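Engineer: Give the three-dimensional model of this entry:
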Amino acid sequence: MTRHPAHPSSTPDSNSGVGSRVRAHSLVVSLLIAIVILTLGDELALRLALADGPTASDPVPAGPSLLASPSVEPTPTPLPTPVPDSRPQVLYAAGDLADCPGSGPAVAGLLRDSQSPILAVGDIVHPHGTAREYTRCFDPAWGDLKARTRPVPGNHDYSSGDASAYFAYFGSLAGNPSQGYYSFDLGWWHIIAINSVCPAIGGCRERSPQILWLRADLAAHPSHCTLAYWHHPRFSSGNGAAEPRTDSLWQVLYAAGTDVILNGHDHDYERFAPMDPTGRADPERGIRQFVVGTGGANLTARERVAANSEIWSGDHHGVLELTLRPGEYGWRFVSAGTGEVIDEGTGSCHLSPVPKPIDR
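Structural biologist: Predicted structure coming up:
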């Protein structure tokens, strides 16, 4: 029997063929992975690559997993925008309150059954605005209402020089003593307290500190109905005469769509139809002005009939009651002597464009 040599299980040529086939397979897999990356996206392709990828004998690169999800900061929930109280808001207004040696108890008595704010429209005490007059003439009648009072100064409050007694009496309620102007919100309304004793605070002209502040304050409250108050009226039929130095105040407030202005100084009550800053009737965008210098000082006579004056009374001390609602307001002038309603009515707010800033 002829013996044949045993065939080895593999030869160098056969091993070479197997290696070629493995390399071809790996190349095909790599091509498929590349196609998947281009068509299906990185993450899915990487999952496929790992599923079919390196064996236990292949080196594994160090470092973080390719599939680790990036950390995502949670998006904070935005805070809701505060909504103004839409309930009707009541406030009272009167100026020229105490005339030494004593006056005003009947007017102050109208306000004690309410907790609403009181706008004191200047000349808190007469004639000199001293600390003694505040103590002896104003505080006995009005002192228990001080916490509700939002004052502005008048010329008599500055008669002693720098209105130091006024600012000392009211404290933070009167604003910064170097300014005397401030603002606050009441429901849907923005209320602006202005100092019309212009020489004491750097003037009231276009680039004065108060006008610059006023423009900024109005720009910060463009959607509110707006009421402004100060002592000296721009228009009046009374013997105190109109005060032209407040013209710039009117110009800025009118441009911003202000609705109501309250003044004192003349010791009477007067209501005007809506007007522009020149005093012309403007039923669409005009500001309605009230003079309410009826808080207790001696009443005075009418000197003229100003244009657009709708009602004037020099016979009654009293207060103006305003009811402020979203988009509208109502008023009543109430006599302190009889409780009679001398005047009443309603009005609507304007749309309020944002005033243009001044180049400094």
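Engineer: Identify the bridge partners of Ile261.
Structural biologist: Ala228, Gln289 (DSSP bridges).
Engineer: how far away is it from Ile287?
Structural biologist: 5 Å (Cβ to Cβ, to the nearest Å). To be clear about C-beta, it is placed using only N, CA and C from the backbone, and glycine gets the same treatment.
Engineer: Could you name every residue contacting both of those two?
Structural biologist: Counting by Cβ atoms under 8 Å, 6 or more residues apart in numbering, the residues touching both Ile261 and Ile287 are Trp250, Leu253.
Engineer: In terms of neighbours, single out the busier of these two.
Structural biologist: Ile261 (27 against 23; other Cβ atoms under 10 Å).
Engineer: Strands of the stretch 201-350 of the chain, residue ranges please.
Structural biologist: Counting by DSSP state E, counting those that start in this stretch, the segments of the stretch 201-350 of the chain that form strands are 225-229, 260-263, 269-272, 288-292, 309-313, 318-325, 328-335, 341-348.
Engineer: Lowest average confidence across helices and strands of this protein, where is it?
Structural biologist: In the chain, no helix or strand scores lower on mean pLDDT, DSSP states H and E than helix 42-52, which sits at a mean of 45.
Engineer: can I assume His350 is in contact with Asp282?
Structural biologist: No: using Cβ atoms under 8 Å, His350 is not in contact with Asp282; the gap is 10.2 Å.
Engineer: which residues touch Gly347?
Structural biologist: Residues in contact with Gly347 (Cβ under 8 Å, 6+ apart) are Asp259, Val260, Pro274, Arg288, Glu328, Tyr329, Gly330, Trp331.
Engineer: got TSV for those, with neighbour count, pLDDT and distance to Ser159 too?
Structural biologist: Listed next are the contacts of Gly347 as TSV, based on neighbours: other Cβ atoms under 10 Å; pLDDT from 0 to 100; distance: Cβ to Cβ, whole Å:
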residue	neighbour count	pLDDT	distance to Ser159
Asp259	26	97	32
Val260	24	98	28
Pro274	19	98	34
Arg288	21	98	30
Glu328	15	96	39
Tyr329	21	98	33
Gly330	15	98	36
Trp331	20	98	31
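Engineer: Pull the contacting residues for the spatially closest residue to Ala120 that is not a sequence neighbour.
Structural biologist: Excluding its sequence neighbours, the residue lying closest to Ala120 (Cβ to Cβ, 6 or more residues apart in numbering) is Pro151, at 4.0 Å. Pro151 sits next to Leu119, Ala120, Gly122, Ile124, Tyr166, Phe170, Leu173, Ala174, Ala193 when contact means Cβ under 8 Å, 6+ apart.
Engineer: Pull the number of nearby residues for Ala255.
Structural biologist: Using other Cβ under 10 Å, Ala255 has 17 neighbouring residues.
Engineer: and Trp189, what are its bridge partners?
Structural biologist: On the basis of DSSP bridges, Trp189 is bridged to Leu186, Cys225.
Engineer: Quick check: it vs Val291, distance?
Structural biologist: Trp189 sits 20 Å away from Val291, going by Cβ to Cβ.
Engineer: Compare the two (neighbour count), which wins?
Structural biologist: A count of neighbours by other Cβ under 10 Å puts Val291 above the other of Trp189 and Val291, at 29 against 23.
Engineer: Pretty sure the more buried one sits against His265.
Structural biologist: Yes: checked against Cβ under 8 Å, the pair Val291 and His265 is within contact range at 7.5 Å.
Engineer: okay, and for the stretch 51-200 of the chain, where does confidence drop off?
Structural biologist: Within the stretch 51-200 of the chain, the set of residues satisfying pLDDT under 70 comprises 51-84, 102-105.
Engineer: so where do the strands sit in it?
Structural biologist: So, for the stretch 51-200 of the chain - with DSSP E, counting those that start in this stretch - the strands run 89-94, 98-99, 118-121, 125-126, 149-152, 182-186, 189-193.
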